[in-house]
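1. Make a model of this:
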Amino acid sequence: MKTLKNRTLLTLTAGVAMALSAGANAVETLKLAHFVAPAHVVNSAIVYPLKEGVEEQTNGELKINVYPGGELGSGPKEQYPRVLQGVADIVWGIPGYTSSQFKKSMVVEMPGAIPEGMHGYEMLWNAYDEHLKSEFPGTKPLALWTSEPSIFIMKDKEIHNPADLEGLKIRVSGEMTAALIDAYGGTPVQMPAGEVYNALQTGLIDGLVTGASAVNDFKLDEVANVYSVGAPLGHIMFYLAMNQKKYASLSPEFQQAIDDNSGMKLSRSGEQGWNERANETLKALREDPDNTVIELSDKEIAKFEAIADTFRKQRLADKGTEDVLNAMRGE
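-> Model prediction:
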């Protein structure tokens, strides 16, 4: 009987030891979701730098599985609810799709908001603690950054000055750019990027305002053929956000790995990636004889700037966000 008890005790002890060992070496997995194709610049500039950095630092004990193309749920507008609900642990999103939530953050998108020598990601983090944090309830932003300067991407329409926009339907990504296009005399049409190809092909829109990187990412060169570069059209803001409760549930070591591979460092990578893709795309567009790439003259740009400067000042006053822009600029 004593021997049986001893054997039982040894078995239980071994079982507990194995369970503890398994728990210590258990792999934790995070789900990262976005709504674009694997070839999109977000993967090379943001997703994989985070994934590879975290997995290397934790020796593979904290993994990040990536779900592109809406695999965890279609609809880019639903990205933020998706991470709040825990459908995904981390999401990539565009504030412009839900502009009312990000009124302060989107100040960085305005034409002329980013001064010479500054970067969008720096400005967003400068103002985050004091002004922007409240716009990210229930989440921990891992990266905040902006795109390259936006351009006009058109089908059969040349844009040299604001008067050329009269009567044209221009797709925009958010409310701020919609208001700007309206000020320029165009008719803004807000829709997700994934719908632009068909809309431009069928004539539902005449063109769009976005960064040149989107031409490559969404194959817009197959349906667009005229590009105007140099007008003050602002930038597009992006975020990569993680469910706050999920982050808090991680071990201190795993939290440290997330922190070490996100924030300013990851945001810089995103902005650099977007600008590099844009430069490559513009080079290819200029070299293609089927395209018309219009480099606006100083005189032409000045016509846009006169409207844009008034627009920015009036909007800041109307929204009461002068202090947000000052904080972004470190003033």
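
2. okay, CA-based contacts and neighbour counts for the rest of this
-> Fine.

3. Assign residue 159 to helix, strand or coil.
-> coil (DSSP: H, G, I helix; E, B strand; the rest coil).

4. Could you find the closest non-adjacent residue to residue 179?
-> Nearest residue to residue 179 in three dimensions, chain neighbours excluded: residue 188, at 7.7 Å (C-alpha to C-alpha, 6 or more residues apart in numbering).

5. tell me which strands and helices the host helix or strand of that neighbour is in contact with?
-> For residue 188, the enclosing helix or strand under DSSP states H and E is strand 187-190. For strand 187-190, the packing partners by 3 or more C-alpha pairs under 8 Å, 6 or more residues apart in numbering; DSSP states H and E come out as strand 169-172, helix 175-184.

6. at 6 Å instead, please
-> With contacts taken as 3 or more C-alpha pairs under 6 Å, 6 or more residues apart in numbering; DSSP states H and E, strand 187-190 sits against strand 169-172.

7. So for residue 192, what pLDDT did the model give?
-> Per-residue confidence (pLDDT) for residue 192: 89.

8. Just after the helix or strand bottoming out on mean pLDDT in the chain, pick out the following helix or strand.
-> Least confident helix or strand, the chain: helix 2-24 with a mean of 46, by mean pLDDT, DSSP states H and E. Proceeding N to C from helix 2-24, the next assigned helix or strand is strand 28-33, under DSSP H and E.

9. Show the average pLDDT along the helix or strand just after that following strand.
-> Beyond strand 28-33 on the C-terminal side, the first helix or strand identified by DSSP H and E is helix 41-42. Helix 41-42 shows an average pLDDT of 98 in the prediction.

10. what does stretch 121-130 give?
-> pLDDT averaged over stretch 121-130 gives 98.

11. Identify each buried residue in it, please.
-> For stretch 121-130, the neighbour count (16 or more other C-alpha atoms under 10 Å) marks 121, 122, 123, 124, 125, 126, 127, 128 as buried.

12. Give me the most central residue, this structure.
-> For the chain, the residue nearest the mean C-alpha position is residue 238 (2.4 Å; C-alpha atoms, centre = their mean).

13. My reading is that that one is in a strand; is that accurate?
-> Yes: with three-state DSSP as the criterion, residue 238 is assigned to a strand.

14. Show me what the strand holding residue 188 is in contact with.
-> Here strand 187-190 makes contact (C-alpha atoms under 6 Å, 6 or more residues apart in numbering) with 168, 169, 170, 171, 172, 173, 178.

15. That one pairs with which strands, parallel or anti?
-> strand 169-172 (parallel) (DSSP bridges).

16. can you list the domains in this protein?
-> Split into domains by automatic domain parsing, the chain comes to 27-146+236-276, 150-235+290-319.

17. Give me the below-cutoff pLDDT ranges for the stretch 1-150 of the chain.
-> 1-25 (pLDDT under 70).

18. Surely the residue nearest to the centre of the chain and residue 97 touch.
-> No: using C-alpha atoms under 6 Å, residue 238 makes no contact with residue 97, being 10.4 Å away.

19. For burial, what's the neighbour tally of residue 292?
-> Neighbour count for residue 292, taken as other C-alpha atoms under 10 Å: 19.

20. What are the phi and psi values at it?
-> Dihedral angles of residue 292 (phi, psi; degrees, to the nearest 10) stand at phi -110, psi 110.

21. Tell me which residues touch it, please.
-> Counted by C-alpha under 6 Å, 6+ apart, residue 292 has contacts residue 226.

22. 8 Å instead, please
-> 225, 226, 227, 286 (C-alpha atoms under 8 Å, 6 or more residues apart in numbering).

23. ok, now how distant is it from residue 322?
-> 38 Å (C-alpha to C-alpha, to the nearest Å).

24. same question, residue 126
-> 14 Å.

25. Between the two ends of stretch 315-327, how far is it?
-> End residues of stretch 315-327 are separated by 17 Å (C-alpha to C-alpha).

26. Name the surrounding residues that touch that stretch.
-> So stretch 315-327 is contacted by 104, 107, 108, 113, 123, 126, 127, 131 (C-alpha under 8 Å, 6+ apart).

27. Thank you, goodbye.
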